[in-house]
Each structure stands twice: as structure tokens, then as C-alpha cells.
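Trainee: Got a sequence here, can you build the structure:
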Amino acid sequence: MRGDAWIIESPSPQTSKETCSAISTVLKGALQAQGIQKDWVDVLHKHLAAFGFRNTRLLVHKKRKQDFKGWTEDYLMVWEEVAALFPPKATSPDAPMTRETWIDLFAKGVKETEHGVVVHQGRIMTAIGQKPL
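Mentor: Below you'll find the predicted structure:
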């Protein structure tokens, strides 16, 4: 599972997913600004092979639509904790994202999910290999 490839889906064109999409964009931008890339997840089985594992492969399973709400709840729990990573407005009034702004954005994102917006990654990937004896 990658931490930078969220899919934001709305149950209908009339239901806004704008805030959840904005949250996703902010987090992707923060990862990029820190130089953090998650593309290695897509080839994890190759890394296992490079470190001596045998018969490595990557299993990809599409997430079930009925599980999207559960995945959304998981992301919301993580996104709620992200607030602590942003500076308070009192100490950094010119910061591009402050703790208070994040909390407000997060609350609006929760409202969207209450109206059926889901956040997921579309698939689960598992890297498998056998450790040499």
C-alpha cells in the first residue's frame, strides 16, 4: 500500500469531494517537498530479490468496493494525527499550512465522507519471497 496514491471518489457528481482531494494534494506536496517517494512499493519484490530472497513476486489485489468506507476511516484516523506536524498559527503565521488550517480542512473532509465520499488506493500489494536457508 502506497502512502501517496489516494483515489478520492464521490457517490454522485452532486456530492463534493473537493476537500478530500485538497487534503490528498497537500499531503502529496509535503511528501515531495521532503523528497519522500513511495514508488519503491510497486517494485518491492525486486528489492527482495536483490537482497537474496528467492521466488519473489508481487501480488496485487483490487480492493473490494464494500471495504472502501473502512479504508476511508483508516485514512481519516491517520490524517487527524497529521495536525501535530504543522506549526501553530501563533508561531508561524506565514506558514503555507498551519495546524489550525489543517484542523479546519480535516473537519470539512470528514463532512464529505459523511456524505459518501471515499478515500482508498484501489489495490493492495503484497511482496512475497522465500528467505534462503
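
Trainee: In which helix or strand does residue 70 reside?
Mentor: Per DSSP states H and E: residue 70 is located in helix 68-81.

Trainee: now for that helix, which elements pack on it?
Mentor: Counting contacts by 3 or more C-beta pairs under 8 Å, 6 or more residues apart in numbering; DSSP states H and E, helix 68-81 is packed against helix 99-114, strand 118-120. For every residue, glycine as well, the C-beta is placed using N, CA and C.

Trainee: other SSEs contacting the first one?
Mentor: Judged by 3+ C-beta pairs under 8 Å, 6+ apart, the packing partners of helix 99-114 are helix 18-33, helix 68-81.

Trainee: Okay, now the unreliable bits of this structure?
Mentor: Within the chain, the segments meeting pLDDT under 70 span 1-4.

Trainee: cutoff 90 now
Mentor: Residue ranges of the chain with pLDDT under 90: 1-6, 27-44, 60-65, 121-126, 132-133.

Trainee: and the residue lying closest to residue 40 once chain neighbours are set aside, backbone torsions?
Mentor: Take residue 40 and drop its neighbours on the chain: the residue closest to it by C-beta to C-beta, 6 or more residues apart in numbering is residue 47, 6.8 Å away. Note on residue 47: backbone dihedrals following degrees, to the nearest 10 are phi -70, psi -40.

Trainee: and the helix holding residue 70 with helix 18-33, angle?
Mentor: Helix 68-81 and helix 18-33 are oriented at 60 degrees to each other (axes from the mean of the first three to the mean of the last three C-alpha atoms, to 10 degrees).

Trainee: Many thanks, I have nothing further to ask.
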